[in-house]
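Visitor: No sequence on hand, only this structure:
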């Protein structure tokens, strides 16, 4: 049964997924296979953006809240700004097919804080078909990594092809796992019809800086559209 660990005494309010809205945060989903670095990316983005923006995070796991706990222990945001949804189902179901638990968590978390600028929704680890419903998020980042093989961009799939930003993580490991980062970038670009691709090593101190700039740019456009 889907569950989340946010307070249940907040006032009920209506779902709002109708596009640019000056009264709510920009919602960005982060998806990708198990172990690609989604939680690391969320943590890095929180550290880079928390001093200039009001940020909250919803994480997804099937039966645990480990990703949320990892972010809390890393002190990337105040504890009450990070909540977990235990989906009880395949990750793609909770972000695409039956988004109710996630949307409830997002809306209640945003309502609990004054003027949230940015909400991150981290999917549980899934395959290359995982893509977020636009009823849940306004933009989406898909993460893959060099350890998964340099043929992943060529094989494609909705996550690789359709996400607003594709991140190829763990470039530092490429020499050790026999992956060609330049090949991955080239084939990803061919698959994505002009949408951006970033190669990164998220364990580096500035590893997420280019991705943070993309988030800032996306937020500026969101605000302009409102």
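Guide: Ah, there it is. All values reported here derive from a predicted model rather than from experimental measurement.

Visitor: Can you classify the spatially most central residue of the chain by secondary structure?
Guide: By Cα atoms, centre = their mean, the chain has its centre lying nearest to residue 30, at 1.9 Å. Secondary structure, DSSP: H, G, I helix; E, B strand; the rest coil: residue 30 is strand.

Visitor: How much space separates it from residue 90?
Guide: 17 Å (Cβ to Cβ, to the nearest Å). All C-beta atoms are positioned from the backbone trio N, CA, C, and that covers glycine.

Visitor: Spell out, range by range, the strands that occur in this protein.
Guide: Taking DSSP state E to define them, one finds strands in the chain at 3-4, 26-31, 55-61, 82-86, 118-122, 139-145, 165-169, 197-199.

Visitor: my guess is the residue nearest to the centre of the chain meets residue 125, correct?
Guide: No. In this structure, residue 30 is not within contact of residue 125 by Cβ atoms under 8 Å, at 11.1 Å.

Visitor: Just the helices from the chain, written as ranges.
Guide: Along the chain, the segments classed as helices by DSSP state H run 38-49, 66-73, 91-92, 100-111, 152-155, 158-162, 174-177, 181-191, 209-225.

Visitor: Make JSON lines out of the ones you listed and add mean neighbour count.
Guide: Formatted as JSON lines, the helices of the chain follow (neighbours: other Cβ atoms under 10 Å):
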{"stretch": "helix 38-49", "mean neighbour count": "23"}
{"stretch": "helix 66-73", "mean neighbour count": "18"}
{"stretch": "helix 91-92", "mean neighbour count": "20"}
{"stretch": "helix 100-111", "mean neighbour count": "21"}
{"stretch": "helix 152-155", "mean neighbour count": "18"}
{"stretch": "helix 158-162", "mean neighbour count": "20"}
{"stretch": "helix 174-177", "mean neighbour count": "14"}
{"stretch": "helix 181-191", "mean neighbour count": "17"}
{"stretch": "helix 209-225", "mean neighbour count": "15"}
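
Visitor: which one of those lies closest to residue 79?
Guide: helix 66-73 (5.1 Å; Cβ to Cβ).

Visitor: Could you list every helix and strand in contact with the closest one?
Guide: Packing partners of helix 66-73 (3 or more Cβ pairs under 8 Å, 6 or more residues apart in numbering; DSSP states H and E): helix 38-49, strand 55-61, strand 82-86.

Visitor: Quick check: buried residues in stretch 118-131?
Guide: 118-126, 128, 130-131 (16 or more other Cβ atoms under 10 Å).

Visitor: and those as CSV, adding pLDDT and distance to residue 45?
Guide: Putting the buried residues of stretch 118-131 into CSV (pLDDT from 0 to 100; distance: Cβ to Cβ, whole Å) gives the following:
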residue, pLDDT, distance to residue 45
118, 98, 9
119, 98, 12
120, 98, 7
121, 98, 12
122, 96, 10
123, 92, 15
124, 87, 18
125, 79, 18
126, 77, 20
128, 84, 22
130, 83, 19
131, 91, 20
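
Visitor: now for those residues, which pair is the farthest apart?
Guide: Counting by Cβ to Cβ, the most remote pair of the buried residues of stretch 118-131 is 118 and 128, 25.9 Å apart.

Visitor: low pLDDT regions in the protein?
Guide: Low-confidence segments of the chain, defined by pLDDT under 70: 1-22, 226.
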